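[1] make a model of this:
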Amino acid sequence: MRNNKAGLAKYNSCKNCDGQSFISISTYKRFWHVCIACGDARPIQRERYPLRWLPYDDLKKQIHLDEAKMYDYFTTDIHVKLAIEEAQEFHERFVSPKGLPLKGKSLLDISGGNGHFAKWYADSFSMSTSFTEINQSALDYARKHHGFDRVEHYDLNKDNLFDKVGRKFDVVMGRACIMFCDELSAFARQLLEITNPGGLVIIDRSTEPTLGTLVRVQLDEFSYHILRQPNTVEQAFRDAGFDVMARHDETDPSLYVYDHDLLPHWKWIHYIYEIKGLQALDGRRVFNLPARDRRRTTFFFRAPI
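    As a prediction, the model looks like this:
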């Protein structure tokens, strides 16, 4: 309880809306503070983990990891295969129905994993493609395998995007990354700076706070910096000068939130903290926070002409 109160003290007002009231959700490795006014959620890492004395590495501090190195798995064979399949599925579901002219356009993929997603677009539409990542193994892999115009290390919270890529693009993709961006308004302005007039910015899989998601990531040593409501994301891009071309809200159809059923100690810790979260909610419906699934949104933003 001492850590919980200390965590609450750090969030005496919401960074998004200046709201003063929060719901605090305890999970195994962090406390989440959800603004009752706007619904955005920010975590504070615990100083000590409650069951660190048990003989499971994932219940202890994983000091061998850092926020970039934890994504070394991007270059494994299974994730290469998944990235190619994901590109095809994403295009069929979201891009192709809009009839967007992609042939010969320029593409920037931000935080692009192993690069095979962007490579699929480069090969399918003869797009001149640049790529950023924070993980060094993924950067090395992309430089070796893909022949992109530029492959650059980029930290969402430290670097200026134009300084890294040095040009403007017709299409910019940021997939499953804005949850790691501390200052979304500043990032949106950076995106406007590197997008050609009338160009397209696609923000894919922006995840909103639900109890299911908070509990699912509770054993990850590093996790989301912030989970935002879809309206918060949309407004940040409108304020930066973008028009909203399309927005797709969905409940994740995968079994992502049930991954903790795979091992016995994952399972019982999952249920312990799910019950604690429900007790903290005490029947209150704050946006979709009580949901035990993962909710996410894909946005298509158009830069002004």
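
[2] would you say residue 201 is within a strand?
    Yes: assessed by DSSP: H, G, I helix; E, B strand; the rest coil, residue 201 belongs to a strand.

[3] could you check how many residues crowd around it?
    25 (other Cβ atoms under 10 Å). Where C-beta positions appear, they are placed from N, C-alpha and C, glycine not excepted.

[4] any idea what it is bridged to?
    residue 172, residue 301 (DSSP bridges).

[5] mind listing what it touches?
    Residues in contact with residue 201 (Cβ atoms under 8 Å, 6 or more residues apart in numbering) are 171-174, 191, 195, 237, 242, 299-303.

[6] switch to 10 Å and redo it
    Contact analysis of residue 201 by Cβ atoms under 10 Å, 6 or more residues apart in numbering lists 108, 110, 169, 171-174, 188, 191-192, 194-195, 237, 240, 242, 245, 299-303.

[7] next: residue 280.
    The contact partners of residue 280, by Cβ under 10 Å, 6+ apart, come to 4, 23, 24, 25, 26, 32, 34, 211, 289.

[8] how long is stretch 289-303 from one end to the other?
    32 Å (Cα to Cα, to the nearest Å).

[9] return the set of buried residues in that stretch.
    Buried residues in stretch 289-303, counted by 16 or more other Cβ atoms under 10 Å: 289, 291, 293-303.

[10] kindly report the same for stretch 273-290.
    For stretch 273-290, using 16+ other Cβ under 10 Å, the buried residues are 273, 274, 276, 277, 280, 281, 286, 287, 288, 289.

[11] I'd say the fourth one and residue 286 touch.
    By that I understand residue 277. No: no contact is recorded between residue 277 and residue 286 when judged using Cβ atoms under 10 Å, the distance being 11.7 Å.

[12] and stretch 195-214, how far out from the chain's middle?
    8 Å (Cα atoms, centre = their mean, to the nearest Å).

[13] report the mean per-residue pLDDT for that stretch.
    For stretch 195-214, mean pLDDT is 98.

[14] CA-only coordinates of that stretch in PDB, if you can.
    Extracted C-alpha coordinates of stretch 195-214, given in PDB (Å, rounded to 0.1, in the frame of the first residue of the first chain):
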ATOM      1  CA  THR A 195       4.600  14.200 -44.300                       C
ATOM      2  CA  ASN A 196       4.100  15.700 -47.800                       C
ATOM      3  CA  PRO A 197       1.100  17.900 -48.300                       C
ATOM      4  CA  GLY A 198      -1.900  15.700 -48.800                       C
ATOM      5  CA  GLY A 199       0.100  12.700 -47.500                       C
ATOM      6  CA  LEU A 200      -1.200   9.900 -45.300                       C
ATOM      7  CA  VAL A 201      -0.300   9.000 -41.700                       C
ATOM      8  CA  ILE A 202      -1.500   5.600 -40.500                       C
ATOM      9  CA  ILE A 203      -1.500   5.000 -36.700                       C
ATOM     10  CA  ASP A 204      -2.300   1.300 -36.200                       C
ATOM     11  CA  ARG A 205      -3.300  -0.600 -33.100                       C
ATOM     12  CA  SER A 206      -3.500   2.300 -30.600                       C
ATOM     13  CA  THR A 207      -4.500   0.500 -27.500                       C
ATOM     14  CA  GLU A 208      -6.800   1.900 -24.900                       C
ATOM     15  CA  PRO A 209      -6.800   1.000 -21.200                       C
ATOM     16  CA  THR A 210      -8.800  -2.100 -20.200                       C
ATOM     17  CA  LEU A 211      -8.400  -4.300 -17.200                       C
ATOM     18  CA  GLY A 212      -7.700  -7.200 -19.600                       C
ATOM     19  CA  THR A 213      -4.800  -5.400 -21.100                       C
ATOM     20  CA  LEU A 214      -3.400  -4.100 -17.800                       C
END
